[in-house]
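Student: All I have is the shape, not the residue letters:
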């Protein structure tokens, strides 16, 4: 049984969006199709996005989800007429018609999750290294290098960089990062996160500082694509 997240602005059960999904034995959670879902996104194995109407808004949401690294495959639900709007720049794993039968929906879920798992497991989990773009982080020796240059990081700076690099593209709020890196019993405010992000960027240097990007009014994310510095750091602390 898979944990399915269905993002839709249609009120009611999943039977109104993808009727066949309601006939399958999956755990389905329905949330509004809004960007705010990224702030506290639930654990899931696969996400479905309702794109039967308001295609531009649905496309913007799918691109936001896939670029911020939700950690699960994304499938768009659309109609026959909506298929003509589906292109590669939606960035999703699959597209399915709202009229699809239970066997097809089950097969799409199984294949999407299987492919995602295979890609995720392709890296060697025993190496103790995290490689993302030009950055190499060695968890065993607590060292980090960028283009072969060692970074002189404090323990918390290293932990922050490592955590972000482990979830490339995913957006974390300041509160989430404070909880993950400093722990529940830390009494400092979220400005602590801003200070450490600023120091990390300084140590990464002008060429790579935008690897740690800011998502306005949300938080921070790690991106190996750092050419668009203005867009990533438009709201820098």
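Tutor: Perfect, thanks for sending it. Model, not experiment: these values are computed from the prediction.

Student: And the strands in the chain, which stretches?
Tutor: Listed in chain order, the strands of the chain (DSSP state E) span 3-7, 27-31, 46-50, 74-78, 94-97, 129-132, 135-138, 143-146, 149-150, 172-173, 212-215, 219-222.

Student: show me the biggest helix of this structure in terms of residues.
Tutor: With secondary structure taken from DSSP state H, the chain has its longest helix at helix 102-120.

Student: Now do that helix, average pLDDT.
Tutor: The pLDDT scores in helix 102-120 average 81.

Student: With stretch 153-165 instead?
Tutor: 92.

Student: and it, which residues are buried?
Tutor: Using 16 or more other Cβ atoms under 10 Å as the test for burial, stretch 153-165 gives 153, 156-165. In short, each C-beta sits where N, CA and C put it, glycine included.

Student: Same check on stretch 33-51?
Tutor: For stretch 33-51, burial by neighbour count (16+ other Cβ under 10 Å) applies to 33, 35, 37-38, 41, 44-51.

Student: what does that stretch rub up against?
Tutor: 2-10, 17-18, 21, 29, 31, 57-59, 61-62, 64-65, 68, 70, 72-78, 82, 92, 96, 109, 112-113, 171, 173, 218 (Cβ atoms under 8 Å, 6 or more residues apart in numbering).

Student: which of these count as buried?
Tutor: Of the contacts of stretch 33-51, these count as buried by 16+ other Cβ under 10 Å: 2, 4-8, 17-18, 21, 58-59, 61-62, 64-65, 68, 70, 72-78, 82, 92, 96, 109, 112-113, 171, 173, 218.

Student: Walking through the chain, point out its helices one by one.
Tutor: Secondary structure of the chain (DSSP H): helices located at 55-67, 102-120, 155-166, 174-177, 191-204, 229-232.

Student: and the first one, what's its mean pLDDT?
Tutor: Which is helix 55-67. Average pLDDT, helix 55-67: 84.

Student: If you count contacts, what does it end up packed against?
Tutor: strand 46-50, strand 74-78 (3 or more Cβ pairs under 8 Å, 6 or more residues apart in numbering; DSSP states H and E).
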